[in-house]
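Trainee: with the input below, show me the fold.
(chains A, B, C and D)
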Number of protein chains: 2
Amino acid sequence: MVKKGKVSSAVIRRLPRYYRTLEALHRDGAVRISSSALGKRMGITASQIRQDLSCFGEFGQQGYGYNVADLRREISEILGMDQDHSAVLIGAGNLGKALIRNFSFGKNGFALSAAFDADPAAIGREFNGVTVRAVDELDEYLRSHKVNVGVLTLPRSAAQDMAEHLIAGGVQGIWNFTNAELDVGDSGVFVENVHFSDSLLTLSYYISDAGQKAEGE
Amino acid sequence: MVKKGKVSSAVIRRLPRYYRTLEALHRDGAVRISSSALGKRMGITASQIRQDLSCFGEFGQQGYGYNVADLRREISEILGMDQDHSAVLIGAGNLGKALIRNFSFGKNGFALSAAFDADPAAIGREFNGVTVRAVDELDEYLRSHKVNVGVLTLPRSAAQDMAEHLIAGGVQGIWNFTNAELDVGDSGVFVENVHFSDSLLTLSYYISDAGQKAEGE
DNA sequence: TAGATTGTTAATCGATTAACAATC
DNA sequence: TAGATTGTTAATCGATTAACAATC
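Mentor: Below is the predicted model:
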């Protein structure tokens, strides 16, 4: 049912939001929704929703709209949420611990299987069922376990080095919380950045004296 | 020197990255850079850089390029980094504490002046010079202090309610780390979302079986 | 000066929106 | 059936890239 050509990243970046909205609708007990109702709720056009979905298949029914549970499941499959991805986290400092304890990897289709840290004081501690190991053990761990994604929550200075270990270890993606711009060469590894700074500076622009004109998201 | 019309959000979202790159160049001792060299480093076209910058003024010199330190400062001003913004954080759980301790608000032009939490056990504790207060005191705090931005690092269930307190208290922006889609009505308050889930799901798509075609950022 | 590089205008490309026949 | 709503094609809009005169 899921066909894919080359889909633009603009479309891909909207998929998680569709998923999240459908999840909320489902939680509220909605059974069906039309593209126009969904568009109104999300603040985008019905046309865009239908156009986006048409990249992957036909999920609706004329005169009816979309079944909420079905469409949610379809999108979750498109996003690969059913593929039992595994992840390891590197850098069990404040942010790393916050992710281990509060972020639900499971709900997003990931199993967080291990965490690593360079600080001897952190090693051996366990958070939310995940034990912190010595970073020296990373290479060996990657050899003996299938790991799809490495999560980088460590100081910028160590980021590139650890990224290279992850790439050598065969990960397919890096979820990068450091401020570093990672160089993955021609490895084909996908880097998804979460740059807190960039985000706050964008906000800064819009609330600053000169940026007043443009409002909204 | 800084002129602004209505600048597209595509341009705005690139500004922090320009700033970050110029910051790195400056750290490495670079004095001047041309749009083509900067473009090569960032993986975008020289044309785009010149086009982007032209929204705000003329910062270069024919035959020379741009002075790194000057352009960095110009962009920091465009982003409002010199405007002494203040912020309060709501929700001093793991993520909130991680931000208080690790994220440099100061480097981004913000002073984090207070944190609030609903849990009595958290109240009174101090992290990185910021004391955690009872969330009941928020309204009064906002009345007696000028606060530009509220940072939401609390459970989704409480997010909308707290957003409304922030809006009533006169903030201009909300930095939202919760998974909730906030409704700010016609307040004009700008919401900048950091949706971890959306980010990880995007990564999930690109590393999943069907998403293989498209690589790179 | 000659070469390099800007800022800007024009051309291209891609993404969003509108329209509508198909059909549940 | 009649009304509603899809999937898709065409039209529009906006963003990116190319080209080039101006000039340091």
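Trainee: residue A:165: neighbouring residues, count only.
Mentor: Number of residues near residue A:165 (other C-beta atoms under 10 Å in any protein chain shown) recorded here: 16. Bear in mind the C-beta positions are built from the backbone N, C-alpha and C, glycine included.
Trainee: which elements pack onto the longest helix anywhere in chain A?
Mentor: The residue-count maximum for a helix in chain A (DSSP state H) belongs to helix A:9-27. When contacts are defined as 3 or more C-beta pairs under 8 Å, 6 or more residues apart in numbering or on different chains; DSSP states H and E, helix A:9-27 sits against helix A:35-42, helix A:46-53, helix A:68-78, helix B:196-207.
Trainee: quick one: it near DNA strand C?
Mentor: Yes. Using C-beta under 7 Å from any atom of the strand, helix A:9-27 comes into contact with DNA strand C via A:9, A:10, A:11.
Trainee: quick one: the second one from residue B:159, how far?
Mentor: Between residue A:10 and residue B:159 the distance, using C-beta to C-beta, to the nearest Å, works out to 27 Å.
Trainee: comparing the two, which residue is more hemmed in?
Mentor: The neighbour count for residue A:10 versus residue B:159, taken as other C-beta under 10 Å, is higher for residue B:159 (22 against 9).
Trainee: wait, that one touches residue B:183, no?
Mentor: No. Using C-beta atoms under 8 Å, residue B:159 is not in contact with residue B:183; the gap is 10.3 Å.
Trainee: on the three-state scheme, the most far-flung residue of chain A relative to its centre is what?
Mentor: What lies farthest from the middle of chain A is residue A:63; by C-alpha atoms, centre = their mean that is 34.0 Å. Of the three states, residue A:63 takes coil under DSSP: H, G, I helix; E, B strand; the rest coil.
Trainee: swap in residue A:175?
Mentor: Under the three-state scheme (three-state DSSP), residue A:175 adopts strand.
Trainee: so what's it bridging to?
Mentor: Residues in a beta bridge with residue A:175, per DSSP bridges, are residue A:151, residue A:192.
Trainee: so how many other residues sit close to the residue nearest to residue A:78 when sequence neighbours are not counted?
Mentor: Leaving aside its sequence neighbours, residue A:78 sits nearest to residue A:56 (C-beta to C-beta, 6 or more residues apart in numbering or on different chains; 5.3 Å). Residue A:56 is flanked by 20 other residues according to other C-beta under 10 Å.
Trainee: ok, residue A:56 to DNA strand C distance?
Mentor: 14 Å (C-beta to the nearest atom of the strand, to the nearest Å).
Trainee: can you check residue A:112 too?
Mentor: 32 Å.
Trainee: any idea what that residue is bridged to?
Mentor: Here residue A:112, judged by DSSP bridges, has bridge partners residue A:87.
Trainee: right, and it touches residue A:90 too?
Mentor: No. Assessed by C-beta under 8 Å, residue A:112 is found out of contact with residue A:90, at 11.6 Å.
Trainee: of the two, who's got more company?
Mentor: When residue A:112 is set against residue A:90 and neighbours are counted by other C-beta under 10 Å, the residue ahead is residue A:90, at 25 against 21.
Trainee: the more buried one: what's it in contact with?
Mentor: A:96, A:115-117, A:135, A:138, A:150-154, A:162, A:166 (C-beta atoms under 8 Å, 6 or more residues apart in numbering or on different chains).
Trainee: count of residues packed around the closest residue to residue A:14 other than its chain neighbours?
Mentor: Once flanking residues are discounted, residue A:14 sits nearest to residue A:52: 6.0 Å by C-beta to C-beta, 6+ apart. Residue A:52 has 20 neighbours, counted by other C-beta under 10 Å.
Trainee: where does chain A get nearest to DNA strand C, which residue?
Mentor: Residue nearest to DNA strand C within chain A: residue A:63 (2.5 Å; C-beta to the nearest atom of the strand).
Trainee: what's near enough to touch that residue?
Mentor: Counting by C-beta under 8 Å, 6+ apart, residue A:63 has no contacts.
Trainee: break chain A down into its structural domains.
Mentor: A:9-78, A:85-198 (automatic domain parsing).
Trainee: out of these, which one sits most buried?
Mentor: domain A:85-198 (a mean of 18; mean count of other C-beta atoms under 10 Å in any protein chain shown).
Trainee: what's the end-to-end length of it?
Mentor: 28 Å (C-alpha to C-alpha, to the nearest Å).
Trainee: so where is chain A shaky, pLDDT-wise?
Mentor: A:1-5, A:210-217 (pLDDT under 70).
Trainee: which positions in it make contact with DNA strand D?
Mentor: A:34-36, A:46-47, A:50-51, A:53-54, A:58-66.
Trainee: how does it look with 10 Å?
Mentor: A:3, A:10, A:32-39, A:45-66, A:71 (C-beta under 10 Å from any atom of the strand).
Trainee: tell me the one among the residues of helix A:9-27 next to DNA strand C nearest to chain B.
Mentor: Of all these, residue A:9 has the smallest distance to chain B: 7.2 Å, by C-beta to the nearest C-beta.
Trainee: so how far is residue B:196 from the closest one?
Mentor: With C-beta to C-beta as the criterion, residue A:9 and residue B:196 are 18 Å apart.
Trainee: ok so, going back, what sits up against the longest helix of chain A?
Mentor: Counting by C-beta under 8 Å, 6+ apart, A:33, A:38, A:41-42, A:44, A:49, A:52, A:55, A:68-69, A:71-72, A:75-76, A:78-79, B:179, B:181, B:195, B:197-199, B:201-202, B:205-206, B:211, B:214, B:217 sit against helix A:9-27.
Trainee: that older thread, could you dump the helices and strands packed on helix A:9-27 to TSV with distance to residue A:21?
Mentor: TSV is the format used below for the helices and strands packed on helix A:9-27 (distance: least, C-beta to C-beta, whole Å):
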stretch	distance to residue A:21
helix A:35-42	6
helix A:46-53	10
helix A:68-78	9
helix B:196-207	11
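Trainee: of all these, which one is nearest residue B:129?
Mentor: helix B:196-207 (26.5 Å; C-beta to C-beta).
Trainee: close to DNA strand C, is that closest one?
Mentor: No. Shown here: helix B:196-207 not in contact with DNA strand C (C-beta under 10 Å from any atom of the strand), separated by at least 14.7 Å.
Trainee: report the angle between that helix and helix A:9-27.
Mentor: Here the directions of helix B:196-207 and helix A:9-27 differ by 130 degrees (axes from the mean of the first three to the mean of the last three C-alpha atoms, to 10 degrees).
Trainee: okay then, goodbye and thanks.
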